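J.: Take this sequence and fold it.
(one chain, ligands or ions: 1)
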Amino acid sequence: MNASEALDSIWRQAGLPVEALQHARLTGEDPVLPSSFAVGAAAQSTIAAAALAACELGHLRGAGRQQVAVDMRHAALDCTGWFSLDGRVPDLWDTFSGLYRCADGWVRIHANFAHHREGALRLMKLDPSAATRAEAEAVMATWHARDFEDAAAAQGLVATALRRFDAWDASPQGQAIAAQPLFTIERIGDAPPLALPPLREDQRPLTGLRVLDLTRILAGPVGGRALAAYGADVMLVNSPHLPNIESIAETSRGKLSAHVDLRTDAGRATLRQLAAQAHVFVQGYRPGGIAALGFGPAELARLAPGIVCVSLTAYGTQGPWAHRRGFDSLVQTAMGFNHAEGEGEGEGEGAGDGKPRPLPMQILDEATGYLIAFGAAAALWRQQQEGGSWHVQVSLAQTGQWLRGLGRVPGGLSIARPDLKPYAETSDSGFGRLAALRHSAQLSRTPAAWPRPSMPPGSHAPAWPTGPGQ
Ligand SMILES: CC(C)(COP(=O)(O)OP(=O)(O)OC[C@H]1O[C@@H](n2cnc3c(N)ncnc32)[C@H](O)[C@@H]1OP(=O)(O)O)[C@@H](O)C(=O)NCCC(=O)NCCSC(=O)C(=O)O
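T.: Numbers count the residues shown, from 1 in each chain. So this is what the prediction gives:
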């Protein structure tokens, strides 16, 4: 499937009007980054879908349609999440993150958050304050890979065993994922069509819409960042006790960023007030975490009839892993991508060297992030047509299954990484001078933009802006 066909299929699955597709202009073809998978098509089609759905909602609000142009190389580089702060490119990967050889295979551990790192080291019976990577490698060599994966999951930690595609396909979770569509958009309650604020031709298509962004890292925040690029007021809601890593500087472009501690009555009351006036509520914490705090889709639909809820998980809602936490790199490892990428595609140049190898960017996160933005806009479009409250569900693993279905790229591994500088822009932020990739969807009449500078969590009051420029 090429990128245009992928966009077509995403669009039709959501029930959006097919005549809008002629306003999409996709250029370029895989390979654009070194991979044997169609990572360029995955980036380009999901970004185009998000932008086009936002424009289609703008059209429903009374503005004319506009062209959405996405270049594949720009889209793929956009999905690398590259950024620098004051000229420094942060190293986001912890020493203990990565692949470990086990007694019978490999395990990948995600240790970029301190609580995950410390938990994994304790599971290895090492002292987190003194352990070295070499010691961790020695311990891991004694574990059976799937035993470690299960023991880690039982403690809410994040590690997966490396599988081949055939082993994943035969696993109960692989079968549960294969039986699910790329995303679901479901009506969860009755409500009249919301009265959206009027939209002028020169305003970005989501202007006046309010989005609550209760997401953790990359996939979720990328979704909110895209909605902000198309004009929505997006408020990232974090809490002072939650750890963050530096990528929050890149993904907070264009957003309000507030602290609301949902462990307190006052915090929950504040979020209820915000949600009552919101059009979209995105959550990307552990499965069930935000619902346990009183903000599941059913409660939100009661609180704000007509709302669109978007839920992000690592492994979907079905199967034995549905409750598990997970990161892109781990999902790639468990599903078979690392093994397959190591083997490459075809003979000779461009075939891999047999060593497990990650995809060239966290494309499961990024594409899922753009599907969050797409799903939110598509469900709001449905809301305007049919009324109702809506629930959109996406997962890293469903996106992985879909990426695999886009097919392989012979020789794709042999190309060089393109220079990203032509696609970078700089802005002042609350984290320092931020250089990062420009948004890759070009809207012909109302260009995507992030007029709000990226700010650290807690920089804004937890209140919706009431006038321009606030
Ligand atoms: C990303 C995660 C693995 C991170 O896991 P953890 O760090 O262990 O965090 P949790 O999600 O468990 O969240 C910690 C707790 O904080 C709670 N929580 C959340 N927001 C609040 C506020 N505002 N106030 C108080 N408490 C809060 C939440 O409900 C949990 O409650 P309790 O549990 O009750 O304590 C997981 O959130 C997850 O699987 N998310 C879905 C998929 C996803 O986004 N993956 C990452 C993509 S990025 C990626 O792949 C990459 O960067 O690499």
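J.: Can you give me the pLDDT of Leu406?
T.: Per-residue pLDDT puts Leu406 at 98.
J.: and if you look at Gly430?
T.: 98.
J.: Quick check: bridge partners of it?
T.: Gly432 (DSSP bridges).
J.: got the contact list for it?
T.: By Cβ atoms under 8 Å, 6 or more residues apart in numbering, the contact set of Gly430 is 453-456, 459. C-beta: built from backbone N, CA, C; applies to glycine.
J.: One more pass at 10 Å, please.
T.: By Cβ atoms under 10 Å, 6 or more residues apart in numbering, the contact set of Gly430 is 249, 252, 257, 453-457, 459.
J.: from those, which two are the most distant?
T.: Pro453 and Pro457 (13.9 Å; Cβ to Cβ).
J.: Name all residues that sit in contact with these two at the same time.
T.: 252, 430.
J.: Contact partners for Ile188?
T.: Residues in contact with Ile188 (Cβ under 10 Å, 6+ apart) are 297-298, 300-301, 307-309, 388-391.
J.: 6 Å instead?
T.: Shown in contact with Ile188 (Cβ atoms under 6 Å, 6 or more residues apart in numbering): 297, 301, 389, 391.
J.: So the residue of the stretch 351-470 of the chain found nearest the ligand, which state does it fall into?
T.: Using Cβ to the nearest ligand atom, the closest approach of the stretch 351-470 of the chain to the ligand is made by Asp365 at 4.7 Å. With DSSP: H, G, I helix; E, B strand; the rest coil as the basis, Asp365 sits in helix.
J.: With Arg357 instead?
T.: Three-state call for Arg357 (three-state DSSP): coil.
J.: if I read this right, it contacts Gly342, doesn't it?
T.: Yes: in this structure Arg357 lies within contact range of Gly342 using Cβ atoms under 6 Å: 4.5 Å.
J.: Show me which of these two is the more surrounded one.
T.: For Arg357 versus Gly342, neighbours defined as other Cβ atoms under 10 Å are more numerous around Arg357 (22 against 18).
J.: where does the more buried one fall, phi/psi-wise?
T.: Torsion angles at Arg357 (phi, psi; degrees, to the nearest 10) stand at phi -140, psi 130.
J.: ok, now which ones touch it?
T.: Going by Cβ under 6 Å, 6+ apart, the list of residues near Arg357 reads 341-342.
J.: Closest residue of the chain to the ligand?
T.: Proximity of the chain to the ligand (Cβ to the nearest ligand atom) peaks at Gly289, 2.9 Å away.
J.: what is the closest residue to that residue other than its chain neighbours paired to in the beta sheet?
T.: Excluding the flanking residues, the one nearest Gly289 by Cβ to Cβ, 6 or more residues apart in numbering is Gln283, at 8.0 Å. When bridges are called by DSSP bridges, Gln283 pairs up with Leu214, Ser311.
J.: when you give positions from now on, start the count at 35
T.: Understood, numbering begins at 35; the last thing we discussed is Gln317.
J.: related to what we said a few turns ago, considering the contacts of Gly464, which possesses the most neighbours?
T.: Ser286 (31 neighbours).
J.: what's that residue sitting at in phi/psi?
T.: Dihedral pair for Ser286: phi -90, psi 10, per degrees, to the nearest 10.
J.: My read is that it contacts Arg486, right?
T.: No: counting by Cβ under 6 Å, Ser286 does not reach Arg486; the two are 8.9 Å apart.
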